[in-house]
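> just coords:
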């Protein structure tokens, strides 16, 4: 079975194997290189890993503890003062509303109350309407409104709570050492306090509840308005919260720990997969992939990791191919140098003309060998695009003729025959001559290593639809059936 390797060059865009590439990568040296890389990667060991609590779990527990402490402070320490301030604003609004209506009535000349012969006369129509407004529009559901005149005597009272500390309790007057009614004492204090005042009235017995009082005076000072309400609700609520807080804290903490574990498992699962995949890559398994079914940032991270793994795998494969290709490219000039050197030594040592011709070939192949070594150092420039191919227009037939002359001596020494088949016309191409020459040497070198029993291999070039087609044919064993993929490699545009 004959073997035939062909490369096609087009005038517009010629293609050939990468710089330093060969027509086949199945050489024993390449296999040894690849195997060496695999063994070296497999022998890598990951550093020892110790267990640490998950940061997400620790953070979640700290947040839960912080929320529990904050809830305890709000429910036991801040609930009562905040509620008291809220009640104070409502009492102040209600007292100022009553004072505003009294001032408006006085400004209109309405008589609200009067004393005649020791008897009190009250404008009940006005105050009953005022009471109805407080009941229907007031923000407080339980309150007491005390309205008194300049004599500190009550002229009207709106009562809407079961027990009023303002009217049912007594205080000792420090100025007269007498026990006076709390209402009279508060009326007196309101008149002596510019802008009004507020005060908490304690219950007369342990079973009672404290009440908050706000006092205001009309603009002309003729009337005093005292509004009170009970604080029993907030005190009872605080006691209930203090009782239920330990149980609520335990339930919340248990729920938080369960939620933290579930959330951690859900959130850190892709991170653990990425960690395992990273350790696999450290051992040399660059084909590892992670699931990326999520559509959030972790899914994007998994996709980026898979892309990185593919790029690393491609780079590792390129490195192995480079070593195999370099070893193959170096073999052809070394074979030619050795063949011509032996020819000079054994046959043409006394024939100066032939000796000089063969020595020139040895020098040229040595230069080509130097160029191959230099090209390895420039690989990074080629792959990054910094080093471009120098394309020129030249005759591919003439290049094939020049390359074939290099093999005359080695063919004569081994009894081989290189046949050159070219048309009687120019074969113009637009490509890099040095790279074309390298590709031809690689193909001819392969043919020599696998030459058939007849010792004949052929270099032919011809026109084709794409441009110029160059073929190298030998009559060796050929490629085994089912294995052609091992000899195929991607071509790069010139």
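Arrived safely, thanks for sending. Fair warning: this is a prediction, and the values are worked out from it, not measured in the lab.
> from here on, just use CA atoms for contacts and neighbour counts.
Fine.
> separation between the residue nearest to residue 68 when sequence neighbours are not counted and residue 69?
Counting by CA to CA, 6 or more residues apart in numbering, residue 249 is the residue found nearest to residue 68 once chain neighbours are left out, at 6.5 Å. Separation of residue 249 from residue 69 (CA to CA, to the nearest Å): 9 Å.
> ditto for residue 446
Residue 446 is 80 Å from residue 69, by CA to CA.
> compare neighbour counts for these two and give me the winner.
The residue with more neighbours, out of residue 446 and residue 69, is residue 446; 22 against 13, by other CA atoms under 10 Å.
> following the one helix or strand the more buried one maps to, which helix or strand comes up?
Using DSSP states H and E, residue 446 sits within helix 433-449. As assigned by DSSP H and E, the chain's next helix or strand after helix 433-449 is strand 456-463.
> report all helices and strands that that next one contacts.
Here strand 456-463 touches helix 396-405, strand 417-421, helix 433-449, strand 467-474, going by 3 or more CA pairs under 8 Å, 6 or more residues apart in numbering; DSSP states H and E.
> ok, 10 Å please
Identification of packing neighbours for strand 456-463 by 3 or more CA pairs under 10 Å, 6 or more residues apart in numbering; DSSP states H and E yields strand 3-10, helix 396-405, strand 417-421, helix 433-449, strand 467-474.
> tell me the angle it makes with helix 433-449.
If you take axes from the mean of the first three to the mean of the last three CA atoms, to 10 degrees, strand 456-463 sits at 150 degrees to helix 433-449.
> next one: strand 456-463 to chain centre, how far?
Offset of strand 456-463 from its chain centre (CA atoms, centre = their mean, to the nearest Å): 58 Å.
> averaged pLDDT, it. What do you get?
Mean pLDDT, strand 456-463: 92.
> run me through the strand neighbours of that strand, direction for each.
In the sheet, strand 456-463 lines up against strand 417-421 (parallel), strand 467-474 (antiparallel) (DSSP bridges).
> show the subsequent helix or strand relative to the first one.
Which is strand 417-421. strand 428-431.
> avg pLDDT for that following strand?
pLDDT averaged over strand 428-431 gives 92.
> same question for stretch 91-100.
For stretch 91-100, the per-residue pLDDT averages 91.
> next one: stretch 180-199
Rounded mean pLDDT across stretch 180-199 is 88.
> from the opening residue of it to its closing one, how far?
Distance across stretch 180-199, first residue to last, is 17 Å (CA to CA).
> OK, contacts around the residue most central in space within the chain?
Nearest to the geometric centre of the chain sits residue 297, at 4.8 Å (CA atoms, centre = their mean). With contact taken as CA atoms under 10 Å, 6 or more residues apart in numbering, residue 297 is in contact with residue 303.
> over to residue 106?
Shown in contact with residue 106 (CA under 10 Å, 6+ apart): 100, 112, 218-220, 222.
> A strand includes it, no?
No. Going by DSSP: H, G, I helix; E, B strand; the rest coil, the assignment for residue 106 is helix, not a strand.
> state the distance from it to residue 339.
In terms of CA to CA, residue 106 sits 132 Å off from residue 339.
> got it, and residue 160?
Distance from residue 160 to residue 339, by CA to CA: 124 Å.
> out of the two, which sits in the more crowded spot?
Using other CA under 10 Å, the more surrounded residue of residue 160 and residue 339 is residue 339, with 21 against 15.
> which SS state does the spatially closest residue to that one that is not a sequence neighbour fall under?
Leaving aside its sequence neighbours, residue 339 sits nearest to residue 410 (CA to CA, 6+ apart; 5.4 Å). Secondary structure state of residue 410, per three-state DSSP, is helix.
> which ones are touching residue 410?
Contact analysis of residue 410 by CA under 10 Å, 6+ apart lists 335-343, 416-417.
> quick check: it vs residue 347, distance?
Separation of residue 410 from residue 347 (CA to CA): 12 Å.
> got it, and residue 306?
To residue 347, residue 306 is 61 Å away according to CA to CA.
> ranges for the helices of the stretch 51-200 of the chain?
Counting by DSSP state H, counting those that start in this stretch, one finds helices in the stretch 51-200 of the chain at the ranges 55-72, 79-107, 124-137, 165-168, 182-191.
> how far off centre is the fourth one?
Chain-centre distance of helix 165-168: 67 Å, with CA atoms, centre = their mean.
> other residues contacting it?
Contact with helix 165-168 is made by 144-146, 181-186, 200-204, 208-213, 226-230, as judged by CA under 10 Å, 6+ apart.
> one more time with 6 Å
182-183 (CA atoms under 6 Å, 6 or more residues apart in numbering).
> any buried residues in that helix, and which?
165-166 (16 or more other CA atoms under 10 Å).
> could you number the chain from 26 rather than 1 from now on?
In the new numbering, first residue 26, that becomes helix 190-193.
> element containing the nearest residue to residue 337 once chain neighbours are set aside, please.
Nearest non-adjacent residue to residue 337, counting by CA to CA, 6+ apart: residue 311, 6.6 Å away. Assigned by DSSP H and E, residue 311 falls within no helix or strand.
> could I get the phi/psi values of residue 311?
The phi and psi values for residue 311, taken as degrees, to the nearest 10, are phi -80, psi -10.
> residues near it, how many?
The number of residues packed around residue 311, counting by other CA under 10 Å, is 23.
> over to residue 84?
Residues lying near residue 84 (other CA under 10 Å) number 12.
> same check on residue 212?
26.
> which one is it nearest to, not counting chain neighbours?
residue 177 (6.1 Å).
> so for stretch 275-290, mean pLDDT?
Mean pLDDT, computed over stretch 275-290, is 76.
> how close does residue 356 get to residue 273?
In terms of CA to CA, residue 356 sits 82 Å off from residue 273.
> find the residue ranges of the stretch 126-275 of the chain scoring beneath the pLDDT cut-off.
164, 196-204, 230-232, 257-267, 269 (pLDDT under 70).
> between residue 356 and residue 273, which has more neighbouring residues?
residue 356 (16 against 13).
> measure stretch 440-458 end to end?
30 Å.
> how about the nearest residue to residue 151, chain neighbours excluded?
Excluding the flanking residues, the one nearest residue 151 by CA to CA, 6+ apart is residue 137, at 7.4 Å.
> the one you found contacts residue 148, doesn't it?
Yes. Residue 137 sits in contact with residue 148 when judged by CA atoms under 6 Å, with a separation of 5.0 Å.
> of those two, who's got more company?
A direct count of neighbours by other CA under 10 Å for residue 137 and residue 148 places residue 137 higher, at 17 against 14.
> returning to what we had before: in a helix, that's where the residue nearest to residue 93 is, yeah?
Yes. Membership of residue 274 in a helix is supported by three-state DSSP.
> for residue 417, name its beta-bridge partners.
Under the criterion DSSP bridges, residue 417 forms beta bridges with residue 456.
> what about it, neighbour count?
Residue 417 has 11 neighbouring residues, counting by other CA under 10 Å.
> try residue 83
Residue 83 has 12 neighbouring residues, counting by other CA under 10 Å.
> quick revisit: return the per-residue confidence for the residue nearest to the centre of the chain.
78.
> and the gap between it and residue 295?
From residue 322 to residue 295 the distance is 11 Å (CA to CA).
> good, wrapping up.
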